[in-house]
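Trainee: Everything below, folded, please.
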Amino acid sequence: MTSSLLRPRGRTRTGATGAPGGAVTEGSTAPTRILDWRDPLVAALVRELGAGASGSADAAGSAGAAGSAGAADAVGSADPARQIEFLHRAHTWISGAVRPVYSVQDERPVSEVLRRGRGSCSQRLAVLEAVARAYGVPTRVRGLLVDGSFWYPRFPRLRRIVPDQVLLAWPEFRLGSPAGASGAAASWLTVSELLGGLRPVAAEQGGGFTNAGPETLFEALSRTAIDWDAAPAVCPSTGPGAGPGAGAGAGAACELSAYVLTDLGHYASRDELFARHGQTLCGLARLMAEPVLGRRGAA
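Mentor: Residues are numbered from 1 along each chain as shown. Okay, the predicted model is just below:
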């Protein structure tokens, strides 16, 4: 059993109909209130990550410019291989340096997440987006309403107050130059394709994500395929409607489409998504829950 009592009121969350006029939703490298990569703390992180990548002199120099220049100047290498390497390094750094907690403040700026040294999966994904934009990789998000039962393994004794719908901002990245030699725009990759589908070690480690134990969705991205669109196989096996005795086993691929209630479509930024659809919890619920959940680590 999940609860709708904590959900924001006055919000109509309907399925995606596409961008106006059928246009493709374009992402951006521009900073936003959440993705505040011009903050000195974020800019310093980008310089650190860039200095360790291949061709570190170019990467570090461009990242340093990102701290003071406009979005159009925040450009790292346009080589997709170097961009992938940079983003893998960023994911590894975030996984180790930003402690996973159950914070419910999805609109917290990235700079504040870094200052606190802890964040939810949503907040840590925002950190990854911010450093990507600072490096010149455009990002956008896809809004998904996910069945609250997906989080039952995390809160086995609190199922009655788990929100019935969780709003997920799932990032996408556009690698390479904005347009190829033919003038066609570069394709978009989801965060799971970027981190799990393009790194050889992902196939070696295998094992589906169970949403239980110390590994969170953010960490799992680097070693298993997280798919919200695949055939209706469930991972973990405690899917919507499963009884409390259901197992937690999973295959090598983690197909989570059974948990998706509504696809809200693409947005140029997570700021835009949250402005349109609100956060998972209403303001009062966030105010009451954050002091506790914002410090509670995944276990």
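
Trainee: what about the closest residue to Ala220 other than its chain neighbours, distance to Thr224?
Mentor: Sequence neighbours aside, Phe209 is the residue nearest to Ala220 in space, at 4.0 Å (criterion: Cβ to Cβ, 6 or more residues apart in numbering). All C-beta atoms are positioned from the backbone trio N, CA, C, and that covers glycine. Distance, Phe209 to Thr224, using Cβ to Cβ, to the nearest Å: 6 Å.

Trainee: higher neighbour count, the two?
Mentor: Thr224 (26 against 22; other Cβ atoms under 10 Å).

Trainee: on that earlier part again, please identify the helix or strand for the residue nearest to Ala220.
Mentor: According to DSSP states H and E, Phe209 maps onto no helix or strand at all.

Trainee: State which helix of this protein is the longest.
Mentor: helix 80-97 (DSSP state H).

Trainee: which of the residues in that one are buried?
Mentor: Neighbour counts over helix 80-97 (16 or more other Cβ atoms under 10 Å) mark 80, 82-91, 93-95 as buried.

Trainee: Of those residues, just say which sits nearest to Asp106.
Mentor: Proximity of the buried residues of helix 80-97 to Asp106 (Cβ to Cβ) peaks at Ile94, which lies at 16.2 Å.

Trainee: show me the contacts for the closest one.
Mentor: 124, 127-128, 218 (Cβ atoms under 8 Å, 6 or more residues apart in numbering).

Trainee: any idea how far it is from Pro138?
Mentor: 19 Å.

Trainee: ok, now Ile34?
Mentor: Separation of Ile34 from Pro138 (Cβ to Cβ): 16 Å.

Trainee: How about Trp37?
Mentor: In terms of Cβ to Cβ, Trp37 sits 13 Å off from Pro138.

Trainee: In contact with Leu45, which residues?
Mentor: 93, 114, 131.

Trainee: now do 7 Å
Mentor: 114, 131 (Cβ atoms under 7 Å, 6 or more residues apart in numbering).

Trainee: in the host helix or strand of it, what counts as buried?
Mentor: Taking DSSP H and E as the definition, Leu45 sits inside helix 40-51. Residues 42-43, 45-47, 49-50 are the ones in helix 40-51 that count as buried (16+ other Cβ under 10 Å).

Trainee: which among the residues you listed gets closest to Glu272?
Mentor: Of those, the one sitting nearest to Glu272 (Cβ to Cβ) turns out to be Val42, at 19.7 Å.

Trainee: Flag the shaky bits of the stretch 51-200 of the chain, pLDDT-wise.
Mentor: Scanning the stretch 51-200 of the chain for pLDDT under 70 picks out the ranges 52-77, 177-185, 197-200.

Trainee: if we can go back for a sec, what about Trp37 and Pro138, which has more around it?
Mentor: Trp37 (28 against 22).

Trainee: Kindly export stretch 81-89 (C-alpha atoms) in PDB.
Mentor: Extracted in PDB, the C-alpha atoms of stretch 81-89 (Å, rounded to 0.1, in the frame of the first residue of the first chain):
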ATOM      1  CA  ALA A  81      35.400   9.200 -26.200                       C
ATOM      2  CA  ARG A  82      36.900  11.900 -24.100                       C
ATOM      3  CA  GLN A  83      33.500  13.100 -23.000                       C
ATOM      4  CA  ILE A  84      32.600   9.600 -21.900                       C
ATOM      5  CA  GLU A  85      35.800   9.200 -20.000                       C
ATOM      6  CA  PHE A  86      35.200  12.500 -18.200                       C
ATOM      7  CA  LEU A  87      31.700  11.600 -17.300                       C
ATOM      8  CA  HIS A  88      32.700   8.200 -16.000                       C
ATOM      9  CA  ARG A  89      35.300   9.800 -13.900                       C
END
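
Trainee: Can we start the residue count at 385 from this point?
Mentor: New numbering, starting at 385: the last item is stretch 465-473.

Trainee: where along the chain do the helices fall?
Mentor: Under DSSP H, the chain gives helices at 424-435, 440-450, 464-481, 494-500, 505-518, 575-576, 584-589, 601-604, 654-661, 667-677.
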